[in-house]
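K.L.:
With the input below, show me the fold.
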Amino acid sequence: MLQKLPSEVYKMTIFWFLVFSAHLATASSVVEVQDKDPRQKKEGMQLKLYHVKGLESSLSTSPFSFSDMIKKDEERVRSLQSILANKEGVSNSVTTASSDKLKGPNLLTTPLKSGLSIGSGNYYVKIGLGTPAKYFSMIVDTGSSLSWLQCQPCLIYCHEQVDPIFTPSTSKTYKRIPCSSPQCSSLKASTLNAPSCSNATGACVYKASYGDNSFSNGYLSQDFLTLSPSEGSSAFVYGCGQDNQGLFGRAAGIIGLANDKLSMLAQLSKKYGNAFSYCLPTSFSQPNSSLSGSLSIGTSSLTSLPYKFTPLLKNPKIPSLYFLGLTTITVAGKPIEVSASSYNVPTIIDSGTVITRLPEAIYNALQESFVKIMSKKYAQAPGFSILDTCFRGSVKGMARVPEIQLVFRGGAGLALQAHNSLIEIEKGLTCLALAPTANPISIIGNYQQQTFKVAYDVANSKIGFAAGGCK
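P.N.:
Here you go, the predicted model:
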């Protein structure tokens, strides 16, 4: 999710109800988190990253369908486009790093899983909050700054989630952050909404609104964050949501990993370093689906694989988003027939968008090259929603699928194999997992990032890619 500009038509009655509300009440449960070898503490620690479909739920809700995912993905893309339309363009200059010396030798890694089973096409981690720690399934989002989760007593509304809702009163270390705090003052930059103050308690009230009309309102809070039984942060700042509505599936909330001072990355950077990496496991029953994912926070993850790096482009108006320079796309080793100037559009890499979007000129040239090769072996089929290039057959049964390469500045890139470029919508129907957009913007989605290790060296303004990162 990405924050959108404040709206005049926002639910003011809900907001003022929060401002004058009282303290919260009770309940939660523990989910097991695996700890690594104790020796790893010196070098770091790893947490698993999951696609949502890997989390079994006993909730009596209908399964998350591919159509649902496409609908939510379209809302996400419109949100990104809305943000860019209201901001100045991206500068093509590269951010100069303040220092090449990476601090923080520790590395924190957590499991990262698919989110399909909790109603999201994105990925989630299990984090612990409070003392004693209660664990929650949180969507990982590189496009969001403020982290938040639903909190009792849910004064206005909490959507259905797979975990018991967090009860702040059960935590010995929970605190509401006062309006006079610097963290409260930072909310405008992080959420694009000005904070307010509760007259009853003096607590800072946040409003996180998103371009798809999803939102979370509640109290800016602080508590102990647990990322493994042996690693955590004693003063983690997050939103304790009392009114949470929108396209969050059945996750408890969002972990923000954008480039912003209130993001989880920034808050943990003093201990681990201003960098993180992840490997997204495959989803939708694709080949190699047994691979596990991970989210690593810390500079130690930057040296674990032979990355190829591309500069992180600077946008002073939207500094929290991660922009790259897309320079070339090839199909079966040959550049697609499109002018070099067609690539001169803002290009965002985003964990919260599923299907990669390309400007129409680039997409049409890519589609033509891809179909020319694939149609010789496989019968074409009608399109599905935004996916207009489809074939008869299964991904697993399709041999010799032409490789698509997305090449970025400096030569770094993503060499897309069949499980990155094709998606099996239903049995016997497989489509190209990229889509066009009429807007001058490219978004590198999480489907194309699957099984690659993607490293965000924020301290030195570069992003790296390494194949075969999931194990």
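K.L.:
where does the stretch 101-250 of the chain dip in pLDDT?
P.N.:
101-121, 211 (pLDDT under 70).
K.L.:
please redo it, this time with the cut-off set to 50
P.N.:
101-106, 115-119 (pLDDT under 50).
K.L.:
Show me where it has its strands.
P.N.:
108-114, 123-129, 134-141, 148-150, 175-176, 196-197, 204-209, 215-228, 231-245 (DSSP state E, counting those that start in this stretch).
K.L.:
Serialize those to TSV and add fields for distance to Pro346 and mean neighbour count.
P.N.:
Placement of C-beta: from N, CA and C, glycine included. Listed next are the strands of the stretch 101-250 of the chain as TSV, based on distance: least, C-beta to C-beta, whole Å; neighbours: other C-beta atoms under 10 Å:
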stretch	distance to Pro346	mean neighbour count
strand 108-114	26	26
strand 123-129	23	28
strand 134-141	18	25
strand 148-150	27	27
strand 175-176	38	18
strand 196-197	32	17
strand 204-209	22	25
strand 215-228	25	24
strand 231-245	28	22
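K.L.:
Is it possible to get TSV of those strands that adds distance to Gly273?
P.N.:
What follows is the strands of the stretch 101-250 of the chain, written out as TSV (distance: least, C-beta to C-beta, whole Å):
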stretch	distance to Gly273
strand 108-114	10
strand 123-129	19
strand 134-141	18
strand 148-150	24
strand 175-176	27
strand 196-197	34
strand 204-209	26
strand 215-228	15
strand 231-245	14
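K.L.:
Please name whichever of these is nearest to Gln405.
P.N.:
strand 123-129 (23.7 Å; C-beta to C-beta).
K.L.:
What is the closest one packed up against?
P.N.:
Secondary-structure packing of strand 123-129 (3 or more C-beta pairs under 8 Å, 6 or more residues apart in numbering; DSSP states H and E): strand 47-51, strand 108-114, strand 134-141, strand 215-228, strand 231-245.
K.L.:
Run through the bridge partners of Ser277.
P.N.:
Ser296, Ala455 (DSSP bridges).
K.L.:
I'd like to know which of the strands of the stretch 101-250 of the chain is closest to Ser296.
P.N.:
strand 108-114 (4.1 Å).
K.L.:
Reformat the helices and strands packed on strand 123-129 as JSON lines; add distance to Ala418.
P.N.:
JSON lines is the format used below for the helices and strands packed on strand 123-129 (distance: least, C-beta to C-beta, whole Å):
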{"stretch": "strand 47-51", "distance to Ala418": "18"}
{"stretch": "strand 108-114", "distance to Ala418": "18"}
{"stretch": "strand 134-141", "distance to Ala418": "25"}
{"stretch": "strand 215-228", "distance to Ala418": "34"}
{"stretch": "strand 231-245", "distance to Ala418": "37"}
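K.L.:
what about Gly411, how many residues close to it?
P.N.:
As a burial measure, Gly411 scores 11 neighbours (other C-beta atoms under 10 Å).
K.L.:
so who does it touch?
P.N.:
308, 310 (C-beta atoms under 8 Å, 6 or more residues apart in numbering).
K.L.:
again, only using 7 Å
P.N.:
Lys308 (C-beta atoms under 7 Å, 6 or more residues apart in numbering).
K.L.:
which of the residues in the helix or strand where Ile329 lies are buried?
P.N.:
Using DSSP states H and E, Ile329 sits within strand 326-331. For strand 326-331, burial by neighbour count (16 or more other C-beta atoms under 10 Å) applies to 326-327, 329-331.
K.L.:
Show me what that strand packs onto, helices and strands only.
P.N.:
Here strand 326-331 touches helix 360-374, strand 404-408, going by 3 or more C-beta pairs under 7 Å, 6 or more residues apart in numbering; DSSP states H and E.
K.L.:
Tabulate these (TSV), appending distance to Asn460, mean neighbour count and mean pLDDT.
P.N.:
Below are the helices and strands packed on strand 326-331 laid out as TSV (distance: least, C-beta to C-beta, whole Å; neighbours: other C-beta atoms under 10 Å; pLDDT from 0 to 100):
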stretch	distance to Asn460	mean neighbour count	mean pLDDT
helix 360-374	29	18	97
strand 404-408	16	22	98
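K.L.:
closest to Gln150 out of these?
P.N.:
strand 404-408 (36.2 Å).
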